[in-house]
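Engineer: no FASTA, just this:
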């Protein structure tokens, strides 16, 4: 499947979990969350200790989210991304967008072993969703 097809499949439904969401508006984890919101997409922040980000309830991990998640965007250090991919597999999440800088070969191998639709090493979701600073 081409990258464009993977992106189309990824964006075909929601909600999306933003793993690595941040309360700091200058950080990419916050910008990715706001990009979803600007595009009128349902997004759920995932942060280990924040209770709320951008007015949305935040969850400490994927398993804590009460909704069925269509896809996740990952904005974490590569070694954390590996455990996030494993969590996503346990939660039955098939669509993963690993943002630039969060990738690792091991994370990609884990995702591949679970036959996930993975976008990595390519476009940033901020460009795809046409994020604008507000």
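Structural biologist: Here it is on my side, so go on. The structure displayed is predicted, hence computed values, not measured ones.

Engineer: C-alpha from now on. contacts and neighbour counts both.
Structural biologist: Noted.

Engineer: who touches the longest helix belonging to the chain?
Structural biologist: As assigned by DSSP state H, the longest helix anywhere in the chain is helix 78-90. Contacts to helix 78-90, defined as CA atoms under 8 Å, 6 or more residues apart in numbering, come from residues 19, 62-63, 74-75, 94, 101-104, 106-107, 110-111, 114.

Engineer: buried subset of these as a PyMOL selection?
Structural biologist: Written as a PyMOL command, the selection of buried residues from the contacts of helix 78-90, which uses 16 or more other CA atoms under 10 Å, is:
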select buried, resi 19+62+74+75+94+102+103+104+107+110+111+114
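
Engineer: which of the contacts of helix 78-90 fall within strands?
Structural biologist: Under the assignment DSSP state E, the contacts of helix 78-90 contribute 19, 74 to strands.

Engineer: before we move on, the earlier item: can you name the element that comes right after the longest helix of the chain?
Structural biologist: Sequence-wise, the next helix or strand downstream of helix 78-90 (DSSP states H and E) is strand 95-98.

Engineer: residues of that next one that come out buried?
Structural biologist: Neighbour-count burial for strand 95-98 flags 95-98 (criterion: 16+ other CA under 10 Å).

Engineer: of those, closest to residue 28?
Structural biologist: Nearest to residue 28 among these is residue 98, at 12.4 Å by CA to CA.

Engineer: that closest one contacts residue 74, correct?
Structural biologist: Yes - using CA atoms under 8 Å, residue 98 is in contact with residue 74, at 4.9 Å.

Engineer: where along this protein do the helices fall?
Structural biologist: If DSSP H is used as the criterion, the helices of the chain fall at 3-10, 28-38, 78-90, 105-113, 125-128.

Engineer: return the distance of the last one from the chain's centre.
Structural biologist: Between the centre of helix 125-128 and the centre of its chain there are 12 Å (CA atoms, centre = their mean, to the nearest Å).
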